[in-house]
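Engineer: Fold the following, please.
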Amino acid sequence: MDDPLAWATRDADIAYSCPGFDIVTETVELPNGTETDFDYVDEPAAVVVLALTPDDRVVVIEEWREAVGRVNRGLPAGTVEPDDDDLATAARRELEEETGYVADEFDHITTVEPLNGLANSVHHHFVARGCRPAGEQRLDDDESIRVETTTRDELLDGLAAGDLRDGRSALCLLYHERFADD
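Structural biologist: Purely as a prediction, here's the structure:
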């Protein structure tokens, strides 16, 4: 890269690996010539789904989040798997696995790097329309998820009150409210 702000990576090793992510340690040279270490979380891309029913309710999940020690309310989301044909396939799979809902239509609304100072995470946000229950959840071994529906206004009120704290969900909801055509 020719940008004068760019760092040059001299060496990289996985310092720690676990299911879902790795911690990478790099030796980098800064633009001023200083050599230092930089650690970051290396994880696969993820999808986030704002799932709307035909009567314009939002499918939401409540899931235990051990890192913060509480139940977290938010939108269905999950990792893009190597065998997913495309991002919409991943969004469709995650919605169905976590909620038991299927959708008639998936539209990509934005892609963001939510923690690019700490991680190489990339989140692809979708809106799914025509969502309806179609079966049972197929949860991963480390997931415990409750499913319900609510209105967009109730979600926005929860965000304003500090009750909707999941950053992926907040961004997806706000992005859709600000930029969506529907």
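
Engineer: Distance check, Ala88 against Phe106.
Structural biologist: Here Ala88 is placed at a distance of 5 Å from Phe106 (C-beta to C-beta, to the nearest Å). All C-beta spots, glycine's among them, are computed from the backbone N, C-alpha and C.

Engineer: Now the common contact residues for these two.
Structural biologist: Common neighbours of Ala88 and Phe106 (criterion: C-beta atoms under 8 Å, 6 or more residues apart in numbering): Phe126.

Engineer: which of the two has more neighbours?
Structural biologist: Phe106 (21 against 18; other C-beta atoms under 10 Å).

Engineer: Counting by contacts, list what the helix or strand that contains the more buried one packs against.
Structural biologist: Assigned by DSSP states H and E, Phe106 belongs to strand 105-112. Applying 3 or more C-beta pairs under 8 Å, 6 or more residues apart in numbering; DSSP states H and E, one finds that strand 105-112 makes contact with helix 87-99, strand 123-129, helix 167-179.

Engineer: hmm, try it at 6 Å
Structural biologist: Contact partners of strand 105-112 among helices and strands, from 3 or more C-beta pairs under 6 Å, 6 or more residues apart in numbering; DSSP states H and E: strand 123-129, helix 167-179.

Engineer: Report the rounded mean pLDDT for the longest strand along the chain.
Structural biologist: Longest strand in the chain by number of residues (criterion: DSSP state E): strand 8-18. In this model, strand 8-18 has an average pLDDT of 97.

Engineer: Go through the helix or strand following it and flag the buried ones.
Structural biologist: As assigned by DSSP H and E, the chain's next helix or strand after strand 8-18 is strand 21-29. For strand 21-29, a neighbour-count test (16 or more other C-beta atoms under 10 Å) marks 21, 24, 26, 28 as buried.

Engineer: quick one: the third one and Ala12 touch, right?
Structural biologist: Yes - taking C-beta atoms under 6 Å as the definition, Glu26 is a contact partner of Ala12 at 4.5 Å.

Engineer: Specify the angle between the strand holding Phe106 and helix 167-179 in degrees.
Structural biologist: If you take axes from the mean of the first three to the mean of the last three C-alpha atoms, to 10 degrees, strand 105-112 sits at 110 degrees to helix 167-179.

Engineer: on that earlier part again, what's the closest of the buried residues of strand 21-29 to Ser169?
Structural biologist: Ranked by distance to Ser169 (C-beta to C-beta), these are led by Phe21 at 19.8 Å.

Engineer: So what's the residue count around the closest residue to that closest one other than its chain neighbours?
Structural biologist: Spatial nearest neighbour of Phe21, excluding adjacent residues (C-beta to C-beta, 6 or more residues apart in numbering): Glu43 at 4.0 Å. Residues lying near Glu43 (other C-beta under 10 Å) number 15.
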